[in-house]
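Colleague: Prediction below, plus the sequence it came from.
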Amino acid sequence: MSAKKLALLAVMALFVSGSVAAEAVHKYVGVKKCSMCHKSEAKGNQFGQWQSTGHAKAYGTLASPEALETAKRVGLAGDPQKAPECLKCHTTGYGGEQAEGFIASEGVQCETCHGAGSDYLSLSVMKSREKSIAGGLIMPTKEVCEKCHNKDNPNYKEFNYDEAVKKITHPAKK
């Protein structure tokens, strides 16, 4: 047997035996799970703040006459609420792993900015920033926002991160 084949067999044996761990796939759990802890005034009511933003309504806007017109203008046939080109920015977790009960039609949810929450949603993990980040928590940056707020968007308007973030900022009280 050649050295190349032996090396391949050795790597396969490691994976089968579990000696090489696969990278964790964090699942999107949805805004309802986030709201369980993040809706009280004592904690800053981040859920309420999110509900007041265009992010919460992003999926719904794809059913508007304006969205249908935009879709036509850019050559998309059919329903914008089913078009991958639209869903990637108007929903959370498009193309990613979604936990049971996740509802994409709830728009651009917490996890779009903060990362899929299945592995950081427990209180014991959330009490530690380090554990939360290890579990997939993302601290949003301009680059996170610009994944959708960019010139690839057919309705692009100049994006000023410093101004935009003021509209969606939600306090984190302990």
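Modeller: Cool, got the structure. Keep in mind that what you see is a predicted model, and the values were worked out from it rather than measured. Residues are numbered from 1 along each chain as shown.
Colleague: In this structure, what residue spans correspond to helices?
Modeller: Ranges of helices in the chain, per DSSP state H, are 3-17, 31-35, 46-51, 58-61, 65-73, 84-90, 110-114, 123-126, 129-134, 142-145, 161-168.
Colleague: The last one packs against which elements?
Modeller: Other elements packing on helix 161-168 under the criterion 3 or more Cβ pairs under 8 Å, 6 or more residues apart in numbering; DSSP states H and E are helix 142-145. Just so you know, the C-beta spots here come from the backbone N, C-alpha and C atoms, and that holds for glycine as well.
Colleague: ok, residues contacting the helix it packs on?
Modeller: With contacts defined as Cβ atoms under 8 Å, 6 or more residues apart in numbering, helix 142-145 is touched by 113, 138, 159, 161, 164, 165.
Colleague: pLDDT wise, what is the spatially most central residue of the chain at?
Modeller: Centroid check for the chain by Cα atoms, centre = their mean gives residue 112 as the closest residue, at 2.5 Å. With respect to pLDDT, residue 112 scores 96.
Colleague: and the closest residue to it other than its chain neighbours, what does it touch?
Modeller: Excluding the flanking residues, the one nearest residue 112 by Cβ to Cβ, 6 or more residues apart in numbering is residue 92, at 4.5 Å. Counting by Cβ under 8 Å, 6+ apart, residue 92 touches 28, 30, 31, 104, 106, 107, 108, 109, 110, 111, 112.
Colleague: mind checking pLDDT for residue 92?
Modeller: 96.
Colleague: same thing with residue 168?
Modeller: 89.
Colleague: For it, give me its contacts.
Modeller: Residues in contact with residue 168 (Cβ under 8 Å, 6+ apart) are 49, 50, 53, 55.
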